[in-house]
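In: when you get a sec, could you give me coordinates for this:
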Amino acid sequence: MKKKKKVVVIGAGPAGLGTAFELFKSKNNTLDLLLIDKNDRVGGLARTYKYKTLYFDVGPHRFYTKNKEILQFWKNTLGKDLVKIKRLTRMFYQDKLFLYPVQIGDVISKLGLLTDFKIAFSFSKNKLFRKKKVPVTFEQAIIQDFGENLYKIFFKTYSEKVWGIKCNQISAKWAAQRIKNLNFLEVVKNALGQKNKAKSLIDSFYYPRLGAGQLYEKMAHVVRKNGVQILLNCTVKKIFHQRRLITSISLQTAADQKTVDVDYLFSSMPLSDFILALEPKAPSNVVQAAQKLIFRDHITVNLIIAGNKLFPDNWIYIHSPTLKMARVTNYNNFRKSRQANSSAISVEYFAFQKDKIWQMSDTELIKLATEELVQSKLITKADLVLDGFVIKEAQSYPAYYLGFEKHFATLKSYVQKFSNLQLIGRGGMYKYNNMDHALLSGILAAKNLRDHSAFDVWAINEDAEYLEEAK
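Out: I've put the predicted structure just below:
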């Protein structure tokens, strides 16, 4: 009997499970596939925790895509468990909540005519009297599209909270990828009811009945039935290679450390960690480039609060510089029916592991989140916090800091030399993609192996519209 090809997938998030699902959606008797993940459950950054009777994601996720294949995949996999949710997202600024997408009357009444005039004047002056240049920094890109006043109100503070660096040190590529086709005129058109092109201005989305992780639990169930082994609480220690081939990987589980031979490897682990795990070590210039990449770490403080009639938003972006929190989510508003007596609220913070907030205990973080919710008036002192827990997720967001491109290019060029390797997902490709694109990267990578296709997985989300309304 012909020996099966040993395939290993690092990471059981959207990308890794997408790879396994595509390879094993029907039993594949030619492959022996092992899927590993460092967490205690599948889903990666989109996993869901059930705490008491409530469901919490690792930060909120909306299921919205322009890719018809991915949309149909969600519907086929989840069936009736995929429900459509009306979106309400607002921005907290100067102790007020502003609707997003923007409504002109809302902005005028809350910012005041003087500030509105300054915004319009700033935008007009920028368009009429400043020569348009290709922006280098995030700050330049936003000011060019929105004017300086609107940039300071609705972009600067929040972006610097998320990334921990000044906006003039963030690459313009971040703006190009995440707010494509959105500018001042598009916001005005949307507010006037005209059809927009911007990816961010959607008014509804799909969501699994039991949280984002329900999709990935169902995918894991299918691939397990079809012969895939999934190993959780497992970390990669070393990745061995020879003559441009990955040959084996060393794994650490709670019980022991073992080495697994590899014929083909898919990896969604952080790109920098992948490089640093190689044995023999990568060339010094490649190692140095890996050490230059920055990932932002993420903290979610999850609270159960008495009552089910708190703020009606799916989530709220916190633009106030006096508050450390960046986003607040009410998971009760992700469901058709609410819990009778309590609300599932998450408060998100962004950090580096050396920061004081990352070192805080769960008790301290729950206290901080509760105090900031009261300070923002999203809850009152009378609202009773019944319980809570904290999730700290290292290396969540690849940071598009100024100058990252040259280091990334060095790493990409090096890993492409391995003929039995494909990198997938947000971490593996050092690319801030959302769930739909991460899932697609895994599916296309699997097709490259199974069908000898030639999909350029790196090109996902480069030119395609992201979260745009269908034309």
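In: please list all residues in contact with N330.
Out: 310-315, 343-345 (Cβ atoms under 8 Å, 6 or more residues apart in numbering). Every C-beta, even on glycine, is put in place using the N, C-alpha and C of the backbone.
In: closest one of those to A409?
Out: W315 (34.4 Å; Cβ to Cβ).
In: so what's the closest one up against?
Out: 60, 89, 327-330.
In: and it, bridged to which residues?
Out: With DSSP bridges as the criterion, the beta-bridge partners of W315 are T89, T329.
In: chain center to stretch 281-299, what's the gap?
Out: 20 Å (Cα atoms, centre = their mean, to the nearest Å).
In: repeat that for stretch 30-50.
Out: Counting by Cα atoms, centre = their mean, stretch 30-50 is centred 16 Å from the centre of its parent chain.
In: now swap in stretch 257-268 and tell me
Out: When distances are taken as Cα atoms, centre = their mean, stretch 257-268 is centred 25 Å away from the chain's centroid.
In: list just the nearest of the contacts of N330 to A290.
Out: Of the contacts of N330, the one sitting nearest to A290 (Cβ to Cβ) turns out to be W315, at 33.2 Å.
In: by neighbour count, which of the contacts of W315 wins?
Out: V328 (27 neighbours; other Cβ atoms under 10 Å).
In: dump the residue contacts of that one.
Out: 311, 315-316, 318, 345-348, 373, 376, 378.
In: which ones among these are found in helices?
Out: L373 (DSSP state H).
In: which of the contacts of V328 fall in strands?
Out: 315-316, 318, 345-348 (DSSP state E).
In: hang on, isn't V415 packed against Q422?
Out: No. If you go by Cβ atoms under 8 Å, V415 and Q422 don't touch, sitting 9.2 Å apart.
In: neighbour count for these two, which is higher?
Out: More crowded of V415 and Q422, by other Cβ under 10 Å: Q422, with 26 against 19.
In: where's the more buried one relative to H452, distance?
Out: Relative to H452, Q422 is positioned 13 Å away (criterion: Cβ to Cβ, to the nearest Å).
In: now I318
Out: Taking Cβ to Cβ, one finds I318 at 48 Å from H452.
In: who has more neighbours, the two?
Out: Ranked by neighbour count (other Cβ under 10 Å), I318 and H452 place I318 first, with 24 against 7.
In: and the more buried one, how close does it get to T157?
Out: 9 Å.
In: and what of Y100?
Out: Counting by Cβ to Cβ - Y100 and T157 are separated by 15 Å.
In: equivalent analysis for D32, please.
Out: With Cβ to Cβ as the criterion, D32 and T157 are 51 Å apart.
In: same question, E148
Out: Where T157 is concerned, E148 sits at a distance of 14 Å (Cβ to Cβ).
In: please apply the same query to V134.
Out: According to Cβ to Cβ, V134 and T157 sit 25 Å apart.
In: between those two, who's got more neighbours?
Out: T157 (20 against 8).
In: wouldn't that one be in contact with L323 here?
Out: No. Applying Cβ under 8 Å as the test, T157 and L323 come out as separate, 9.5 Å apart.
In: K4 against T30, yeah?
Out: Yes. In this structure, K4 is within contact of T30 by Cβ under 8 Å, at 6.2 Å.
In: neighbour count: these two, which is higher?
Out: Each of K4 and T30 has its neighbours counted (other Cβ under 10 Å); K4 has more, 14 against 11.
In: the more buried one and V236, how far apart?
Out: On the measure of Cβ to Cβ, K4 and V236 end up 22 Å apart.
In: ok so, going back, wait, which of the contacts of N330 is closest to A175?
Out: W315 (20.8 Å).
In: how close does that closest one get to L97?
Out: Distance from W315 to L97, by Cβ to Cβ: 12 Å.
In: next one: F389
Out: Separation of F389 from L97 (Cβ to Cβ): 27 Å.
In: can you check W74 too?
Out: Taken as Cβ to Cβ, the span from W74 to L97 is 30 Å.
In: state the mean pLDDT of stretch 420-429.
Out: Stretch 420-429 shows a mean pLDDT of 97 in the predicted model.
In: likewise stretch 27-36?
Out: On average, stretch 27-36 scores 91.
In: just checking, D297 touches I391?
Out: No. Using Cβ under 8 Å, D297 makes no contact with I391, being 11.3 Å away.
In: isn't S204 up against R87?
Out: Yes. With contact defined as Cβ under 8 Å, S204 reaches R87; the gap is 5.5 Å.
In: these two: who's more crowded?
Out: R87 (17 against 11).
In: strands of the stretch 151-300 of the chain, start to end?
Out: Secondary structure of the stretch 151-300 of the chain (DSSP state E, counting those that start in this stretch): strands at 204-208, 229-231, 235-242, 245-252, 257-261, 264-267, 278-279, 295-306.
In: contacts for the fifth one?
Out: Spelled out, that is strand 257-261. Contacts of strand 257-261 (Cβ under 8 Å, 6+ apart): 6, 8, 34, 237, 240, 247-251.
In: any of the residues you listed buried? List them.
Out: 6, 8, 34, 240, 247-251 (16 or more other Cβ atoms under 10 Å).
In: next, count neighbours for the closest residue to S159 other than its chain neighbours.
Out: Leaving aside its chain neighbours, S159 sits nearest to C167 (5.5 Å; criterion: Cβ to Cβ, 6 or more residues apart in numbering). A total of 22 residues lie near C167 under the criterion other Cβ under 10 Å.
In: report the contact partners of C167.
Out: By Cβ under 8 Å, 6+ apart, the residues touching C167 are 137-139, 142, 155-156, 159-160.
In: so which of those residues sit within helices?
Out: 138-139, 142, 159-160.
In: R47 contacts L215, doesn't it?
Out: No. If you go by Cβ under 8 Å, R47 and L215 don't touch, sitting 10.2 Å apart.
In: which of the two has more residues huddled nearby?
Out: A direct count of neighbours by other Cβ under 10 Å for R47 and L215 places L215 higher, at 28 against 25.
In: give me the pLDDT for the residue lying closest to the more buried one once chain neighbours are set aside.
Out: Excluding the flanking residues, the one nearest L215 by Cβ to Cβ, 6+ apart is P208, at 5.5 Å. As predicted, P208 sits at a pLDDT of 97.
In: equivalent analysis for V347, please.
Out: So, for V347, pLDDT stands at 98.
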